[in-house]
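In: output the structure for:
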Amino acid sequence: MSFDAFKWVGGLTFKAPVEAAVMYTLAQYHNPTKRLVWPSVNTLAERCGCSTSSIKRCLNTLEARGWINREARTHENGSKASNGYALLFEPLSAERLDGSHRPIPEKLDGSHRPDGRVTVTHPIYEPVIEPVTPHMAPQGAQLDLQDEGLSQPSPAKPDLNEAFDRFWDNYPRKIDKIAAKKKFLIIAKQYDPEAIIYGAAAYRDDPKRTPDYTKLATTFLNKGSWENYERPEPADYSKRPVEWWSSLLKAVSRHDKPWPDTVCPPPGHPGCLVPQELITPEVAAKYGAENIIALAEHRR
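Out: From the prediction side, this is the model:
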């Protein structure tokens with residue numbers, strides 16, 4: 001068992017309880033002196049309290065996220081053995097019992113980003129962008145700590161009480177609210193509360209759900225039932241080319257439809273993603289932004 005492995009797993013964000021169960025089980029088998037652990041699928045299923053098919057699907061998910069790496073193993077006689085699993089992490093400062101140290105990311109590619117950051121290359125992780133400290137600043141660079149964001153407060157954590165209120169508004173069976181809130185506040189610290197809220201709304205609208213057999217909210221949360229409904233990833237419209245925005249403007253005008261607010265605010269309004277060269281005064285006026293000063297401020 002490895003404390004480093006448990007600490008690493010504790011910092012991960014899981015989307016289903018089975019993922020946490022499998023990762024903590026693998027961490028329990030982890031030995032700092034060995035690269036692989038090899039509990040069988042049947043052993044993982046027994047330890048995690050679920051079916052072998054669920055374990056196999058979960059292992060595929062964990063490998064896709066880059067948390068584990070599976071390697072085929074064989075016995076000395078050539079017969080197939082259980083897979084080996086490598087936990088893809090490497091503590092950066094822990095010292096081994098023999099006095100040696102685990103490798104730390106020392107290699108810098110020597111290049112500097114325009115925003116004053118450097119790329120650190122790690123043998124396992126993808127390249128990580130690290131903030132520049134004064135002794136790492138490239139020659140001639142003016143290090144501005146405020147621009148680097150070092151003086152800014154940490155991002156605010158989500159308001160779980162407000163998230164529960166939205167969960168409760170969407171959940172179809174409103175019984176035992178106090179127990180449901182207590183469970184939600186625990187679950188939402190480890191899983192994405194927005195995914196749970198989306199799952200509650202999807203469960204409410206599920207045509208296969210019947211009022212007589214609707215789960216209690218606590219049961220829904222305990223079983224991770226929100227994972228039965230895949231939450232679509234929001235589209236990143238900020239990377240759409242100019243031609244796409246031009247076609248959207250023409251389509252909205254041609255069909256005389258209102259501006260699709262799910263894409264971005266209307267042209268000429270703060271937060272609009274439409275390229276500046278497409279927002280003529282006529283276009284801005286069409287969407288209630290005829291004030292030229294407001295349009296000029298938007299174009300800056």
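
In: which parts of the stretch 101-250 of the chain are helices?
Out: Assignment of helices within the stretch 101-250 of the chain using DSSP state H, counting those that start in this stretch yields the ranges 160-170, 177-187, 193-205, 217-222, 242-254.

In: now mean neighbour count, mean pLDDT and distance to P211 too, for those helices, in JSON lines please.
Out: Placement of C-beta: from N, CA and C, glycine included. Formatted as JSON lines, the entries for these read as follows, by neighbours: other CB atoms under 10 Å; pLDDT from 0 to 100; distance: least, CB to CB, whole Å:
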{"stretch": "helix 160-170", "mean neighbour count": "16", "mean pLDDT": "91", "distance to P211": "16"}
{"stretch": "helix 177-187", "mean neighbour count": "16", "mean pLDDT": "93", "distance to P211": "18"}
{"stretch": "helix 193-205", "mean neighbour count": "19", "mean pLDDT": "91", "distance to P211": "11"}
{"stretch": "helix 217-222", "mean neighbour count": "20", "mean pLDDT": "93", "distance to P211": "15"}
{"stretch": "helix 242-254", "mean neighbour count": "13", "mean pLDDT": "82", "distance to P211": "41"}
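
In: from G66, how far out is G11?
Out: G11 sits 14 Å away from G66 when distances are taken as CB to CB, to the nearest Å.

In: between those two, which is the more surrounded one?
Out: Between G11 and G66, counting by other CB atoms under 10 Å, G66 is the more crowded of the two (11 against 7).

In: which intervals of the stretch 1-150 of the chain have sub-threshold pLDDT?
Out: 1-2, 34-35, 90-150 (pLDDT under 70).

In: the helices of the stretch 101-250 of the chain: which one's closest to N31?
Out: Proximity to N31 (CB to CB) singles out helix 177-187 among these, at 31.0 Å.

In: ok, now how distant is the residue nearest to Y198 when sequence neighbours are not counted from A285?
Out: What sits nearest to Y198 in space, not counting adjacent residues and going by CB to CB, 6 or more residues apart in numbering, is R231, at 4.5 Å. When distances are taken as CB to CB, R231 and A285 turn out to be 38 Å apart.

In: and the helices of the stretch 101-250 of the chain as TSV, adding distance to P275?
Out: Rendered in TSV, the data for the helices of the stretch 101-250 of the chain read as follows (distance: least, CB to CB, whole Å):
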stretch	distance to P275
helix 160-170	34
helix 177-187	42
helix 193-205	29
helix 217-222	44
helix 242-254	5
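
In: closest one to N42 among the ones you listed?
Out: Between N42 and these, the tightest spacing by CB to CB is seen for helix 217-222, at 24.6 Å.

In: distance between that closest one and the chain's centre?
Out: Between the mean C-alpha point of helix 217-222 and the mean C-alpha point of its chain there is a distance of 22 Å (CA atoms, centre = their mean, to the nearest Å).

In: ok, now stretch 64-83?
Out: Centre-to-centre, stretch 64-83 and its host chain are 28 Å apart (CA atoms, centre = their mean).

In: next, the buried residues of that stretch.
Out: For stretch 64-83, the neighbour count (16 or more other CB atoms under 10 Å) marks 67-68, 83 as buried.

In: show me the residues you listed that map onto strands.
Out: Taking DSSP state E, the ones among the buried residues of stretch 64-83 that sit in strands are 68, 83.

In: between the buried residues of stretch 64-83, which is closest to I178?
Out: When the buried residues of stretch 64-83 are compared for distance to I178, the smallest value, 35.3 Å, is given by W67; criterion: CB to CB.

In: just give the nearest non-adjacent residue to the closest one, would you?
Out: Using CB to CB, 6+ apart and skipping residues adjacent in sequence, the residue nearest W67 is L88, 5.9 Å away.
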